[in-house]
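**Student:** Sharing a model prediction with you, sequence too.
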Amino acid sequence: MKLAKAVGLVMACCLTCASMADLSMPVQAATQDNDRLIQVGDDVYATLDVYGTLTISGTGDMWDNDVPHTEWNKESSSPWFGDWEQRIKSVVIEDGVTSIGDYAFVVSDITVTDGGGSYFHQNPHGLSSLQSVKIGSGVKRIGEYAFYKTPALSSIKIPGNVKEIEKNAFYGSRLENVKLQNGIEKIDSEAFCHTDLKAVDIPGSVKTIESNAFVLANLTDVTIQQGVGIINNDAFDKVHAKILSRNVVLAPRAFLGGSTITCYKGSTAARYAVSNNMTVKYITEPKTLKKSPKPSVKIKGGVMKITCKAVTGADGYQVRYATNASMKKAVTISGSKASVAKLKKGKTYYVQARAYKKGAKKTYGAWSDKVKVDFK
């Protein structure tokens with residue numbers, strides 16, 4: 001495991017001399033704290049501007065810290081951002097960065113020795129003034145304890161490119177609002193434990209929610225979207241859970257006793273609620289599915305990305321596309337999202353979506369109106 005090392009940048013001349021030489025020249029020294037970069041990965045660096053924005057840029061993963069256990073030399077009183085703790089108001093993770101390391105934004109109050117020449121951190125906690133975090137499109141992982149005990153962090157948006165939120169990632173933070181976007185696959189143990197969340201919406205892409213992921217989080221309302229896979233023991237306290245996923249696997253103690261479960265009749269959630277003597281409410285299912293709204297269609301880098309919009313009562317979705325408005329020889333893809341590569345330049349594409357319900361046989365709603373996109 002690599003540890004972060006501060007890298008000092010030597011100035012060619014002082015700010016005063018630069019100003020005297022050319023008053024019209026922008027002074028870069030004003031945008032960085034002490035003209036320093038901090039290396040936090042093989043090719044990843046952090047800079048702090050005068051407004052308190054810490055920017056993590058470069059290419060690849062951030063290194064992992066191991067704050068409570070790692071030996072540090074005498075000169076290092078805190079890992080990475082200890083000297084800047086009170087000044088960092090926001091963090092921006094740029095798109096080239098692919099992971100947020102373990103204990104990435106955690107510092108320590110004191111360093112003690114074991115008497116044998118080794119020094120250890122004590123009382124680790126998150127950046128005390130951190131109020132906002134923007135996560136770039138390249139990040140796939142939020143490491144263990146990354147935002148541990150960040151008392152000023154009340155809201156965050158976690159994009160779908162993040163596949164795993166590891167254990168204790170936001171433990172003890174004061175999060176009141178979290179937006180989890182579709183694409184996230186795993187929420188590890190105690191990831192949001194001891195937060196101030198009141199409600200959370202779990203996207204259908206989540207395959208696993210581990211034990212204690214949301215306990216002691218002040219949650220009252222949980223929505224589990226269609227597609228969620230497994231919810232393990234003690235993942236949630238006593239809550240009102242609206243479970244739209246018909247086949248979600250629920251461990252015996254996934255929800256604390258006394259929870260209220262709103263779900264579809266015949267679903268695994270309904271059986272779970274009855275077997276655990278919980279209050280169960282059933283969702284009234286529409287007799288027929290409504291016509292799907294137009295899907296979202298974007299072309300970027302030669303790839304057409306299609307995203308369906310929700311239809312009440314739907315168990316799944318299909319999309320189709322063709323190069324003619326009559327949809328002759330259209331290609332049909334199952335799923336709420338689809339990516340189409342190898343587009344032909346100069347062609348116009350027509351895209352539709354529809355929803356379906358499961359049963360003895362699938363029942364399909366009407367195809368949406370067409371979305372017309374030109375690939376230039």
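**Tutor:** Done, it's in. Numbers count the residues shown, from 1 in each chain.

**Student:** got the buried residues for stretch 228-241?
**Tutor:** 228-232, 234-237, 239-241 (16 or more other C-beta atoms under 10 Å). Just so you know, the C-beta spots here come from the backbone N, C-alpha and C atoms, and that holds for glycine as well.

**Student:** For stretch 292-303, give me every contacting residue.
**Tutor:** Residues outside stretch 292-303 that contact it (C-beta atoms under 8 Å, 6 or more residues apart in numbering) are 304-309, 311, 317, 319, 339-343, 351-355, 365-371, 373, 375.

**Student:** Show the buried residues in those residues.
**Tutor:** 304, 306-308, 311, 317, 319, 340, 343, 351-355, 365, 367-368, 370-371, 373.

**Student:** and the strand of greatest length in the chain, what does it pack onto?
**Tutor:** For the chain, the strand reaching the highest residue count under DSSP state E is reported as strand 348-357. If you count contacts as 3 or more C-beta pairs under 8 Å, 6 or more residues apart in numbering; DSSP states H and E, strand 348-357 packs onto strand 303-307, strand 316-322, strand 363-364, strand 371-374.

**Student:** Parallel or antiparallel, list what pairs with whichever helix or strand comes after the second one.
**Tutor:** When you say that, I think you mean strand 316-322. Using DSSP states H and E, the helix or strand that follows strand 316-322 in sequence is strand 331-334. With DSSP bridges as the test, strand 331-334 is paired with strand 316-322 (antiparallel).

**Student:** Just the buried positions in the strand it pairs with, please.
**Tutor:** Under 16+ other C-beta under 10 Å, the buried positions of strand 316-322 are 316-322.

**Student:** SS state for residue 270?
**Tutor:** Following DSSP: H, G, I helix; E, B strand; the rest coil, we place residue 270 in the helix state.

**Student:** Check whether it really touches residue 262, as I assumed.
**Tutor:** No. If you go by C-beta atoms under 8 Å, residue 270 and residue 262 don't touch, sitting 9.8 Å apart.

**Student:** Number of residues surrounding residue 50?
**Tutor:** 11 (other C-beta atoms under 10 Å).

**Student:** Locate it within the secondary structure: which element?
**Tutor:** Residue-wise, residue 50 maps onto no helix or strand under DSSP H and E.

**Student:** Quick check on it: phi, psi?
**Tutor:** Dihedral pair for residue 50: phi -70, psi -10, per degrees, to the nearest 10.

**Student:** got it, and residue 273?
**Tutor:** Dihedral angles of residue 273 (phi, psi; degrees, to the nearest 10) stand at phi -60, psi -40.

**Student:** now it: how far from residue 267?
**Tutor:** 9 Å (C-beta to C-beta, to the nearest Å).

**Student:** More neighbours: those two, which one.
**Tutor:** residue 273 (24 against 19).

**Student:** was I right about the more buried one contacting residue 263?
**Tutor:** Yes. Counting by C-beta under 8 Å, residue 263 is a contact partner of residue 273 at 7.0 Å.

**Student:** hey, what's in contact with both of these two?
**Tutor:** In contact with both residue 273 and residue 263: residue 280, using C-beta under 8 Å, 6+ apart.

**Student:** for the residue nearest to residue 255 when sequence neighbours are not counted, what are its contacts?
**Tutor:** Counting by C-beta to C-beta, 6 or more residues apart in numbering, residue 255 lies nearest to residue 236, which is 4.9 Å off, once chain neighbours are set aside. By C-beta under 8 Å, 6+ apart, residue 236 lies in contact with 213-215, 219, 222, 254-256, 259.

**Student:** Look up how far residue 340 lies from residue 236.
**Tutor:** Counting by C-beta to C-beta, the gap from residue 236 to residue 340 is 38 Å.

**Student:** picking that back up, save the contacts of residue 236 as a markdown table, and put in pLDDT and distance to residue 167 too.
**Tutor:** Formatted as a markdown table, those follow (pLDDT from 0 to 100; distance: C-beta to C-beta, whole Å):
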| residue | pLDDT | distance to residue 167 |
| --- | --- | --- |
| 213 | 97 | 9 |
| 214 | 97 | 13 |
| 215 | 95 | 13 |
| 219 | 94 | 18 |
| 222 | 98 | 19 |
| 254 | 97 | 18 |
| 255 | 97 | 20 |
| 256 | 95 | 20 |
| 259 | 97 | 23 |
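
**Student:** can you give me the helices in the protein?
**Tutor:** For the chain, the helices defined by DSSP state H cover 15-21, 268-275.

**Student:** In terms of mean pLDDT, which of those ranks lowest?
**Tutor:** Lowest mean pLDDT within the helices of the chain: helix 15-21, a mean of 34.

**Student:** What's opposite residue 349 in the beta bridge?
**Tutor:** For residue 349, the beta-bridge partners are residue 373 (DSSP bridges).

**Student:** Okay, it and residue 364: tell me how far apart.
**Tutor:** 22 Å.

**Student:** Give me the more crowded residue out of the two.
**Tutor:** residue 349 (21 against 17).

**Student:** which residues does residue 202 contact?
**Tutor:** Contacts of residue 202 by C-beta under 8 Å, 6+ apart are 180, 187, 209, 222-225, 228.

**Student:** Okay then, goodbye and thanks.
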